[in-house]
Each structure stands twice: as structure tokens, then as C-alpha cells.
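Asker: What follows is a predicted protein model with its sequence.
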Amino acid sequence: MTDVQNQIDKRNIAINKVGIKKIRYPISLFDKQNEIQHTVADVNMYVSLPKEFKGTHMSRFVEVINKYQREIELNNIHEVLHFMKDRLDAQDAHLEMIFPYFIEKIAPVSQEKGLMDYSCSVQAEINSNNELDIILGVTVPITTLCPCSKEISQYGAHNQRSEVTIKVRMNKFIWFEELIQVIESSGSCEIYSLLKREDEKYVTEKAYENPVFVEDIVRIITEKLSRDHRILWFTVESENFESIHNHNAYAFIEQDYRD
């Protein structure tokens, strides 16, 4: 049958990324507490397309992911990307996975246990020189209490849920749990999945005693990540879903320690 994708395209325009998005697939990850955690990821797969080709073979991306049958892991991403390059005859290949990651958390006073889910991601690519680049990402909810509100009010202060996202490039293995802990220790208080009344009292009072602006959060996290010599590059961003304003507060920092 005629292979339209392999026909010549005369517009002389190369495409940086072409492929498939949001194919849902089971993956396994290293879990600091339980060794292995199985979860389900939204997977995006792309390759570069030279200017002379009309299109890529979309079905081959699915063939690649089916080849690994639940065996996509952080330690074999290099192999997956190599196979993508070979199967699609591309100069470079890109793999993105976004997935929930679950950690058991213990309530601060009652010691009740509950599962928290965090949105995590892996962005990996391999270039024409077979150089691998991996970025780990975590998004973590925290509580923030406004320092200004506390200062000017006779009693009380407004607080809100915030989402903080860290992305890192590293030269040694880093646990998702480590990045999550960096964020949770940098806000006014952590968020838990299960709280009894004594826990609610604790987290409310803890937040009141630890007010932070959105600017404080990204600076506190930057100080912590800057001391970790495994990290070569990172971004940190915080978004506060304001409880008394018709807008969100936002801050972002990027640091690069690569030569």
C-alpha cells in the first residue's frame, strides 16, 4: 500500500516534535518506602521530523510503548528512547510521563494514616549524539497564611491552599519523596488526607505561627535546593489560590549550575 508519510514534502520545514499525546499507560517507579510503586501515567511521545518527510508513523509510537508492557521505569528510559529513535528513524526522541504518586502520611497528633497523592512528572529526551536529558517534576499542595493579614488584623489571618512545583535536572538519583518533603517543609503547614479534630487544631495553629508570602516560598525552596549538589538545574514556582482576592499570587525562580 502507498506510504503517504514517507512521501517528499517540498515546503522545506523541519518539525521539532511530532507524535502522540495522552496515551494512558501503566508504569512502575522506585518507591522509597515500598521499593516499587505501580501507577498509571499520561504519556506523550515525540520525535523530530526532517524537512524532507511529509509525516511520521503514529502507530509506531504505540508499538514502542506496547513493547515494554508495564515495564517503563526511570532506569530504562534511555533504552525506550533509543528504541523510539530506531523505530521511527529519527534524530532525537522525547518521552513525557505525568502520573499520580502516592505516599502514606501520618496525621500530626492523632497519628491516623492516610494516602496523599502528588502529581509527578518525568521529561526525558535523547538527542542526535545519544545524550540523555531527564527532568523530574513534582507538584505539591501546601497551606500558606498571609503575613500581612496576620500583622494588620486584630485576630485571625486569611490563608489558602497553594500549589508548588519543582523541576530538577540532577547528576545522581533523587527520590520523589525528597522533593516533596522540600516543598512541604517550606510553607505555613503541610496538607494531610485525614485529620481528626486535634489534628485540625494543630495545623491551624501551626499555619498561624508560620506566615509566608508566595515570594518567601520560592526563596526558601531555592535555598534548600541550592545546597543539594546532586541538582544541576531547577525551577520552582508557587501559586497561591487566594481566599480573599479575585486573583492568584504567583512566583517563579530558575537556577542553573551547569557549566
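Answerer: Arrived safely.
Asker: SS state for the closest residue to E96 other than its chain neighbours?
Answerer: Leaving aside its sequence neighbours, E96 sits nearest to N44 (C-beta to C-beta, 6 or more residues apart in numbering; 4.1 Å). For glycine as for every other residue, the C-beta is placed from the backbone atoms N, C-alpha and C. Three-state call for N44 (DSSP: H, G, I helix; E, B strand; the rest coil): strand.
Asker: In the stretch 1-150 of the chain, mark out all the helices, start to finish.
Answerer: Under the criterion DSSP state H, counting those that start in this stretch, the stretch 1-150 of the chain contains helices at 58-68, 77-88, 147-152.
Asker: so which of these is the most packed in?
Answerer: Burial of these is given as mean neighbour count (mean count of other C-beta atoms under 10 Å); helix 77-88 ranks first at a mean of 18.
Asker: From the rest of the structure, what touches it?
Answerer: With C-beta atoms under 8 Å, 6 or more residues apart in numbering as the test, helix 77-88 has contacts from 45, 47, 56-57, 60-61, 63-64, 67-68, 72, 90-95, 122, 124-126, 130, 132, 134.
Asker: what's the offset of stretch 80-96 from the middle of its chain?
Answerer: In terms of C-alpha atoms, centre = their mean, to the nearest Å, the centre of stretch 80-96 is found 22 Å from the chain centre.
Asker: start to end distance for that stretch?
Answerer: For stretch 80-96, the first and last residues are 12 Å from each other (C-alpha to C-alpha, to the nearest Å).
Asker: before we move on, what about stretch 173-188?
Answerer: Using C-alpha to C-alpha, the span of stretch 173-188 from its first residue to its last is 28 Å.
Asker: Identify each buried residue in it, please.
Answerer: Across stretch 173-188, burial judged by 16 or more other C-beta atoms under 10 Å covers F176, E177, L179, I180, Q181, V182, I183, E184, S186, G187, S188.
Asker: Same list, those residues, but as JSON lines with pLDDT please.
Answerer: Compiled in JSON lines, those are given as follows (pLDDT from 0 to 100):
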{"residue": "F176", "pLDDT": "95"}
{"residue": "E177", "pLDDT": "95"}
{"residue": "L179", "pLDDT": "97"}
{"residue": "I180", "pLDDT": "97"}
{"residue": "Q181", "pLDDT": "97"}
{"residue": "V182", "pLDDT": "98"}
{"residue": "I183", "pLDDT": "98"}
{"residue": "E184", "pLDDT": "98"}
{"residue": "S186", "pLDDT": "97"}
{"residue": "G187", "pLDDT": "96"}
{"residue": "S188", "pLDDT": "97"}
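Asker: Mind putting the helices of the stretch 1-150 of the chain into a markdown table with distance to F252 and mean pLDDT?
Answerer: Listed next are these as a markdown table, based on distance: least, C-beta to C-beta, whole Å; pLDDT from 0 to 100:
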| stretch | distance to F252 | mean pLDDT |
| --- | --- | --- |
| helix 58-68 | 32 | 83 |
| helix 77-88 | 27 | 88 |
| helix 147-152 | 20 | 93 |
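Asker: Include distance to D31 when you put these into JSON lines, please.
Answerer: Converted to JSON lines, those look like this (distance: least, C-beta to C-beta, whole Å):
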{"stretch": "helix 58-68", "distance to D31": "19"}
{"stretch": "helix 77-88", "distance to D31": "17"}
{"stretch": "helix 147-152", "distance to D31": "36"}
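Asker: Let me know whether D199 touches E190 as I believe.
Answerer: No. Assessed by C-beta atoms under 8 Å, D199 is found out of contact with E190, at 10.8 Å.
Asker: for the protein, what helix or strand is lowest in average pLDDT?
Answerer: Counting by mean pLDDT, DSSP states H and E, the chain has its least confident helix or strand at helix 58-68, which shows a mean of 83.
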